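Novice: quick one, structure for this:
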Amino acid sequence: MRKVLIGCGVLVAVFLILLIIVWPNYVGVYNTLNTKYQSVNGAKSAYSASLNTVTQKIKGVWAIADQYLSHESKTFEAVARARSGFDDAAKAFDQADKGGQGTADLTRKGTEVVNAALAFRVQIEAYPQLRAAETTQENIRNMEVSVNEIKTSLDDWVTTIKDYNTYRQSFWPNIFGGFMHKFPAKIAYYEGPVKELNVEQLNPQKQGK
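Specialist: Model (predicted):
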């Protein structure tokens, strides 16, 4: 009887020792796996959010570029028309002068020249500097920033997956992980876009096509 009690005592002691050794490791593995698993999910969410927000940014860049270039194109046309009006008025005055027109006709033609010159001056002063090339370069830089933002969030996501998988396959997590069904043995690496991002399709000019 005494031997049985001693044997039971030894078993209990061994169990308590194992419990003292194993339980903290088990809890530590669980907490670390939980942290890394949440990091993976958070990085995936950040990547998805980045795609959505950057998509809106790129649409805005396209819209601003189209509006500015359209405005500048109209400006060129307005300046060209004003210059053409001045040239036509000056030519008409010159022809009238050479044709021996009377004072009244010359005065009228001269007034037309002055008005055309003023119209041309108004156009030039209203748009002293046209910046199509500069604006286009700025839009390209904004587009690059947006694309890099997506790439960075994707890299962060892949890094968290690698960190999780490396830890999950290490000794104690590999043993204890089999009892923790919440955490997969391995998270598949990124193999394709969560959402396709076709920059060209974001061009407002092509939205209606």
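Novice: so what touches stretch 170-178?
Specialist: Defining contact as Cβ atoms under 8 Å, 6 or more residues apart in numbering, one finds that stretch 170-178 is touched by Asn25, Tyr26, Val29, Tyr30, Thr32, Leu33, Tyr167, Arg168, Phe183, Ala185. Quick note: C-beta positions are derived from backbone N, CA and C, even for glycine.
Novice: which parts of this structure are helices?
Specialist: 2-98, 103-126, 132-168, 171-176, 204-207 (DSSP state H).
Novice: could you pick out the buried ones from the contacts of stretch 170-178?
Specialist: The neighbour-count test (16 or more other Cβ atoms under 10 Å) marks Tyr26, Val29, Tyr30, Leu33, Tyr167, Arg168, Phe183 as buried among the contacts of stretch 170-178.
Novice: CSV for the contacts of stretch 170-178, including distance to Val145 and pLDDT?
Specialist: Supplementary listing: those in CSV, determined by distance: Cβ to Cβ, whole Å; pLDDT from 0 to 100:
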residue, distance to Val145, pLDDT
Asn25, 45, 82
Tyr26, 46, 82
Val29, 40, 90
Tyr30, 40, 91
Thr32, 35, 93
Leu33, 35, 93
Tyr167, 33, 94
Arg168, 35, 93
Phe183, 36, 92
Ala185, 38, 91
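Novice: switch those residues over to JSON lines; also include distance to Gln56.
Specialist: JSON lines is the format used below for the contacts of stretch 170-178 (distance: Cβ to Cβ, whole Å):
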{"residue": "Asn25", "distance to Gln56": "47"}
{"residue": "Tyr26", "distance to Gln56": "45"}
{"residue": "Val29", "distance to Gln56": "41"}
{"residue": "Tyr30", "distance to Gln56": "39"}
{"residue": "Thr32", "distance to Gln56": "36"}
{"residue": "Leu33", "distance to Gln56": "35"}
{"residue": "Tyr167", "distance to Gln56": "36"}
{"residue": "Arg168", "distance to Gln56": "36"}
{"residue": "Phe183", "distance to Gln56": "34"}
{"residue": "Ala185", "distance to Gln56": "38"}
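Novice: from what I see, Lys44 and Asp156 are in contact.
Specialist: No - in this structure Lys44 lies outside contact range of Asp156 using Cβ atoms under 8 Å: 9.7 Å.
Novice: lowest confidence element among the helices and strands of this structure?
Specialist: helix 204-207 (a mean of 60; mean pLDDT, DSSP states H and E).
Novice: how much space separates Trp62 from Leu11?
Specialist: Trp62 sits at a distance of 74 Å from Leu11 (criterion: Cβ to Cβ, to the nearest Å).
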